[in-house]
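> what follows is a predicted structure for the sequence shown.
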Amino acid sequence: MDTLRETKEKVTNIKEVDKIVVRFSGDSGDGTQLTGMQFTDTAALEGNDISTFPDYPSEIRAPIGTIAGVSGFQVHFGSTEIYTAGDSFDVIVAMNAAALKVDLSRLKKGGIVIANIQGFDKKNLGLAQYPDGVNPLEDNSLENYIVHKVDVTGHTKECLVDSGLGMKDVERCKNMFVLGLLFWKFDKPLDNTIKFIQEKFGNKPEIAEANIKVLKAGWNYGDSAEIFTTQFKIAPAKLPAGTYRNITGNHATAIGLLAASEKSGLPLFLGSYPITPATDILHELSKYKANGVKTLQAEDEIAAICSSIGASYTGSLAVTTTSGPGMSLKTEALGLAVMLELPLLIINVQRGGPSTGLPTKTEQSDLLMAMHGRHGEAPLPVIAASSPSDCFDTIFEACKIAVEHMTPVIVLSDGYIANGSEPWRFPTEDELTEIKVKFLIEPNGKEGSLLPYKRDEHFVRPWIKPGTKGLEHRIGGLEKENETGNVSYEAKNHELMTRLRADKVNSIQDFIPLAKIDNGNKNAKLVVLGWGSTYGSIKTAVKELIAEGFNVAHIHLRYINPLPKNLGELLYGYEKVLIPEMNNGQLLQLIRAEFLIPATGFSKVQGLPFTTAELKERIIRTI
Amino acid sequence: METFSIDTIEKLSPKDFSSGMDVKWCPGCGDYSILKQVQTIFPDLGIPKEKFVFISGIGCSSRFTYYMDTYGIHSIHGRAAAIASGVKAANPDLSVWIVSGDGDSFSIGGNHFIHLMRKNFDVNYLVFNNQIYSLTKGQYSPTSEKGKISKSSPFGSIEEPFNPSELALGAKATFVSRTLDRDPKHMQGILKRAYQHKGTSFVEIYQNCPVFNDGTFFAYSDKETKKEAAIFLEHGKPLIFGNNEGKGIRLEGLTPVIVDMNDGKYSANDLWIHDEKDKTKANLISRFFDTAFNEVYFPRPFGVIFTEDRPVYEENMEHQIEELVAKKGKVSLNQILSGKKTWSIL
């Protein structure tokens, strides 16, 4: 490595830029996700605002070198506030020809390609379906871009020639060369990644050493090789003062549950069956056994929710996590949870559907299922997270509603924010509100009788733990007599109970915040109404349009059932309402039905988030 | 587990376990007997009433929950085992009883049944097997015999039935037993054994449906036929059955053989001695059902077919938690919130 330094006598320009989008792209076995996450972590620790978008195939190891096997990790980082992972890329790191082929169309004109030349040999070009004899690195087709051809594999091998490691282990280090090079390119330190490697390979010191050596070699290569003449500097972002960490949506979800458990004093129980992209929540919570968290990997989605209902019955904060197909399987049990009136959290990390659909891609197409996907009249609260860190607040509030209002609550997240990450100014324990829990411990009726379905002024029934002396009683899926909870098939009683269950959910409106305008003002000509993970894209688009002089505004919904009290009033103030969704217009239907306004929708169902550009274009066209 | 000293527990009577709700099974239904036997043995189990939880599914059997003055959930079809697993995992201190039927357990709830056996929660699982769907008015069930004429099989069922004890053994159940509604004493004994067993106790109860499948199991309880048709297993006792205890079962290699006890060739010492802990033999006994050995069918076995001690799920779960609490200690919420890598913006 040092030999490379000796010959160095080059001049490096340093360019200050606001924000950059880097796309790491390679085979799913290339360690692309890990490289991207390491880069992100360091950028975050250096104070940049960030937003990431892991974009990978559903196959664990798709055929090597093929287009189907390309795994991408996109990171948008900057010194200004960042709300999306970026529409197009400034830099593509292409580990092979297929990666370049997939991502080139979204590289900005004048953008940078860092290509691993060994991934562009005859075999790889063929696998990427370039015509015979065509190599994009050699035929001037990339003349509008800056192309750095780097022998990543070769340099890695050279660097580890004396390491004594086998070829396979050596090959596995090549992503560290790229990472080192990128750290040089963006003037970032190596320490964080070195520490990460040392921890990850704590009991394999030779592997740790090799990775660190290659990482440093990558950095030194950038520093000395003549082809790299420009380094970019991105100053720390001017975010609100405070202490930050980087967080993904699924991780924030898990932490939200742990926090709610702590603030309610209830033991946490998760019944779950593995399903992409929700499984990381199960992984994360399974680590917290020392905090008394009980995670039960159930035999199927149905058992996952049913075991959670059982746990809730005993007085736990009970949760089940899933995605679309699993949600379908849980719907019968959801009806039971509504009927029993027990607190329960159902977290649906949405993905492209129907059926197996696009398991690793994002969509918002389960909203109407969350609202209506049950037999009978079975209303329940539905709330949606809008960004990775917002998953924390959304989950915490969902737990509070479930427990304080004795109802199952559906939380909608999706693949984009579940896997994506951003800086999070996390709260301290003291900043979190209390979750009030009261178990009934003595009879609540006349003459010492028990009325398990006697309601308070918000229509909430008491929570009674089995084991409480003298309060033995039975609950079930059959319709209940008002207050006593005894089985009743009486006609008027069923109507009354149906209404009471609905009133209970509706009355939650009194406990949720009013809708507020995120950007723009209430006299704007058009309002963009969004929900869930489209937040970042809509925020960026509306902010830019306002700066460009357009009279637009943005309102974003967290609470979809019940809706905030003032939403109608707000929406009536606008001439036009545009609702962009990653579905065929589901919130659109709800809003039109609720408020009888001629809102228009903007649909995208490509498994990808909205780009700022397409949103801006549609908003301008609609105005 | 919490223990209770006898003097702190008020003495309960069977009546204390009656919820007082009108029992709405058909006249003559075998479920009445099961309810009676459960209410009879409960006061003797020595645990306070509020610790009992019944979880049932859907079907005639599952109305059981409403008639017991304990805690309970009458849930949804086939899911009682899944709900019970959550109850027991979340609060191991409760005495959890699952009540289900043949359709509820072996058809719609089949998956939960096998996994509950495998995971071995310390719960008691009563299946009221009447070999018919009764609440939906008479369709063949997964335990109905092949050829069964029912409303949904007017020309005879073409399906092979499950043999529940064989299924439970295959699913790694740690307690497999069979009893019947018309033998109250036997049922009480089995229910007590089920309660005493630590682990999932599977109790198959042959239950007469007087409306849709009347008399299916009478051969095992009627005086004239019982001795020939049924064999009552007792641990450590030879396998003897038949009128005047005239028949015995020997194990010749891996083949059971019925021998005449009156021809002077065999004494009780030559017979197969029932060993509840022997799974190989339990597998054979469980097949005294629809398997013919050397073209001979064997009497239907009642009693504890198999039992073994194996750590239970909820304790394994608690132990893991205790170990980790001791080793790592609880992570404070502030530590969880901040994670390991943070940066500050002033």
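That came through, no problem.
> measure the nearest residue to A:Ala85 once chain neighbours are set aside to chain B for me?
Leaving aside its sequence neighbours, A:Ala85 sits nearest to A:Phe53 (Cβ to Cβ, 6 or more residues apart in numbering or on different chains; 3.5 Å). All C-beta atoms are positioned from the backbone trio N, CA, C, and that covers glycine. For A:Phe53, the distance to chain B equals 21 Å [Cβ to the nearest Cβ, to the nearest Å].
> how about A:Ser286?
Counting by Cβ to the nearest Cβ, the gap between A:Ser286 and chain B amounts to 10 Å.
> that residue: neighbour count?
Other residues lying near A:Ser286 total 15 when counted by other Cβ atoms under 10 Å in any protein chain shown.
> what helix or strand does the nearest residue to it once chain neighbours are set aside sit in?
Among residues not flanking A:Ser286 along the chain, A:Thr295 sits closest, at 4.8 Å (Cβ to Cβ, 6+ apart). Assigned by DSSP states H and E, A:Thr295 belongs to strand A:294-297.
> from memory the residue nearest to A:Ser286 sits against A:Pro274, does it?
No. In this structure, A:Thr295 is not within contact of A:Pro274 by Cβ atoms under 8 Å, at 11.5 Å.
> how about low-confidence regions in chain A?
Within chain A, the segments meeting pLDDT under 70 span A:1-9.
> looking at it, which helix is longest?
helix A:205-224 (DSSP state H).
> can you pull the buried residues of that helix?
Residues A:207-224 are the ones in helix A:205-224 that count as buried (16 or more other Cβ atoms under 10 Å in any protein chain shown).
> ok, now stretch A:539-551?
So, applying 16+ other Cβ under 10 Å, buried residues of stretch A:539-551: A:Lys539, A:Thr540, A:Ala541, A:Val542, A:Lys543, A:Leu545, A:Ile546, A:Phe550.
> circling back to that earlier point, list the buried residues for the helix or strand just after the longest helix of chain A?
From helix A:205-224 onward toward the C-terminus, using DSSP H and E, the following helix or strand is strand A:230-233. Residues A:Phe232 are the ones in strand A:230-233 that count as buried (16+ other Cβ under 10 Å).
> packing partners for strand A:230-233?
Judged by 3 or more Cβ pairs under 8 Å, 6 or more residues apart in numbering or on different chains; DSSP states H and E, strand A:230-233 is in contact with strand A:13-16, helix A:174-185.
> please identify the most buried of those.
When these are scored by mean count of other Cβ atoms under 10 Å in any protein chain shown, the highest mean neighbour count falls to helix A:174-185 (a mean of 26).
> distance from the chain centre to stretch A:171-190, please.
Its chain's average C-alpha position is 26 Å from that of stretch A:171-190, according to Cα atoms, centre = their mean, to the nearest Å.
> what's the first-to-last distance across that stretch?
21 Å (Cα to Cα, to the nearest Å).
> which bits of the stretch 451-600 of chain A sit near chain B?
A:465-478, A:486-487 (Cβ under 8 Å from any Cβ of the partner chain).
> what's the longest helix in chain B?
helix B:313-328.
> quick one: buried residues of it?
Buried, per 16+ other Cβ under 10 Å, within helix B:313-328: B:Tyr313, B:Glu314, B:Met317, B:Glu318, B:Ile321, B:Leu324.
> doesn't B:Gly86 make contact with the first one?
No. Under the criterion of Cβ under 8 Å, B:Tyr313 lies out of contact with B:Gly86, with a separation of 11.3 Å.
> so which residues of chain B form helices?
B:31-41, B:64-67, B:80-90, B:102-103, B:110-119, B:164-170, B:184-196, B:223-229, B:279-286, B:313-328, B:333-338.
> and of those, who's closest to A:Arg23?
Closest approach to A:Arg23 among these (Cβ to Cβ): helix B:333-338, 30.2 Å.
> any idea of the pLDDT on the residue lying closest to B:Tyr133 once chain neighbours are set aside?
Closest residue to B:Tyr133 apart from its sequence neighbours, by Cβ to Cβ, 6+ apart: B:Gln139 at 4.3 Å. Residue-level confidence at B:Gln139 comes out at 97, pLDDT.
> near chain A, which residues of the stretch 1-150 of chain B?
Looking at chain A, the residues of the stretch 1-150 of chain B close enough under Cβ under 8 Å from any Cβ are B:19, B:21, B:48-55, B:58, B:65-66, B:68-76, B:79, B:81-91, B:93-94, B:111-112, B:115.
> let's see it at 6 Å
Residues of the stretch 1-150 of chain B lying close to chain A (Cβ under 6 Å from any Cβ of the partner chain) are B:50, B:53, B:65-66, B:69-74, B:76, B:79, B:82-83, B:85-87, B:89-91, B:94, B:111-112, B:115.
> B:Lys151 reaches B:Gly138, doesn't it?
Yes. Under the criterion of Cβ atoms under 6 Å, B:Lys151 makes contact with B:Gly138 at 4.7 Å.
> more neighbours, these two?
B:Gly138 (17 against 13).
> what's the spacing between that one and chain A?
Taken as Cβ to the nearest Cβ, the span from B:Gly138 to chain A is 22 Å.
> how far away is that residue from B:Cys209?
Distance, B:Gly138 to B:Cys209, by Cβ to Cβ, to the nearest Å: 9 Å.
> and B:Asn111, by the same measure?
As judged by Cβ to Cβ, B:Asn111 and B:Cys209 stand 25 Å apart.
> neighbour count: the two, which is higher?
Between B:Asn111 and B:Cys209, counting by other Cβ under 10 Å, B:Cys209 is the more crowded of the two (25 against 16).
> and the spatially closest residue to that one that is not a sequence neighbour, how many neighbours?
Counting by Cβ to Cβ, 6+ apart, B:Asn130 is the residue found nearest to B:Cys209 once chain neighbours are left out, at 4.1 Å. Residues lying near B:Asn130 (other Cβ under 10 Å) number 32.
> for B:Asn130, phi and psi?
Dihedral angles of B:Asn130 (phi, psi; degrees, to the nearest 10) stand at phi -110, psi 10.
> A:Lys149 and A:Gly119 touch, don't they?
No. At 10.6 Å, A:Lys149 and A:Gly119 do not qualify as touching, with contact defined as Cβ under 6 Å.
> more neighbours: these two, which one.
Neighbours were tallied for A:Lys149 and for A:Gly119 using other Cβ under 10 Å; the higher tally belongs to A:Gly119 (26 against 14).
> show me the contacts for that one.
By Cβ atoms under 6 Å, 6 or more residues apart in numbering or on different chains, A:Gly119 lies in contact with A:Met95, A:Asn96.
> separation between the residue nearest to A:Ile623 when sequence neighbours are not counted and A:Gly568?
Counting by Cβ to Cβ, 6+ apart, A:Ile623 lies nearest to A:Leu526, which is 5.3 Å off, once chain neighbours are set aside. As judged by Cβ to Cβ, A:Leu526 and A:Gly568 stand 17 Å apart.
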